[in-house]
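Colleague: Sequence first, then the predicted structure:
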Amino acid sequence: MQRDPNLVRLSRDHHRGLVLAMRIARDLPRATEAEAATIYSDLRSFWQEGLLPHFRAECECLLARLVRHLVLQDELIVTTQGDHLYLESLMAALQDTEDPELRRQYMGEFGARLQQHIRWEEAILFQRTQAELTAAELAALGRDLAARIPESPPSPIWPTRPTAAAE
Ligand SMILES: [Fe+2]
Ligand SMILES: [Fe+2]
């Protein structure tokens, strides 16, 4: 099923999230301590400016409409909210530790879980949303998302990385 245009802003965010996850997987294992600190700082910025508003929009715009067609215990609701809470807990754990090794471990876990979450949303949550919502609900969802997510939101491109300019 083709992606409904009303969900495109969320899918664009997903692309940015996948870029971030891939960079963590690629760069973190061989990063020096200073480079790991830069990755952490960039992750925190992207979290505040991109991912946190994205999670909120998914819950307050998408799930809030999808739940009209489902029970609260439906896997779509439980998995989306559970994944968001797990990722939020990893960000809290990152903030609460000064231990560089623990921080690497949490960042690695965050990247892997973010990638898994995004792929699940694209394959399952968005497909089911397109199937369950009426055309009028999808249009309302699109307007709601447009009011919350900028056309060109902050990108996770890391200027300190030599390959960043190529992407
Ligand atoms: Fe999500
Ligand atoms: Fe998402």
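Modeller: Done, it's in. Ligands and ions are numbered 1, 2, ... in the order given.
Colleague: Look up how far A64 lies from T129.
Modeller: Using C-beta to C-beta, to the nearest Å, T129 is found at 12 Å from A64. In this view, the C-beta of every residue, glycine as well, is placed from N, C-alpha and C.
Colleague: Counting neighbours, go ahead and name the busier of those two.
Modeller: T129 (24 against 12; other C-beta atoms under 10 Å).
Colleague: residue contacts, the more buried one?
Modeller: Neighbouring residues of T129 by C-beta atoms under 8 Å, 6 or more residues apart in numbering: D4, L7, L62, L66, L138, L141.
Colleague: which secondary structure element contains the fifth one?
Modeller: Take DSSP states H and E as the rule and L138 turns out to sit in helix 135-148.
Colleague: mind listing what's buried in that helix?
Modeller: Residues of helix 135-148 classed as buried: E137, L138, L141, G142, D144, L145 (neighbour count, 16 or more other C-beta atoms under 10 Å).
Colleague: How much space separates D42 from D83?
Modeller: Taken as C-beta to C-beta, the span from D42 to D83 is 22 Å.
Colleague: What pLDDT is listed against the spatially closest residue to A146 that is not a sequence neighbour?
Modeller: Among residues not flanking A146 along the chain, R9 sits closest, at 6.7 Å (C-beta to C-beta, 6 or more residues apart in numbering). In this model, R9 is scored at 95, pLDDT.
Colleague: can you tell me which helix or strand R9 belongs to?
Modeller: helix 8-27.
Colleague: after that helix comes which helix or strand?
Modeller: helix 33-46.
Colleague: Quick check: buried residues in the helix or strand following that following helix?
Modeller: The element immediately downstream of helix 33-46 (helix or strand, assigned by DSSP H and E) is helix 52-57. Residues P53, H54, F55, A57 are the ones in helix 52-57 that count as buried (16+ other C-beta under 10 Å).
Colleague: can you check stretch 59-71 too?
Modeller: C61, L62, L63, R65, L66.
Colleague: what sits against the second one?
Modeller: It refers to L62. Applying C-beta under 8 Å, 6+ apart, the residues contacting L62 are L10, L125, T129, L141, L145.
Colleague: That's all I had, so thanks and see you.
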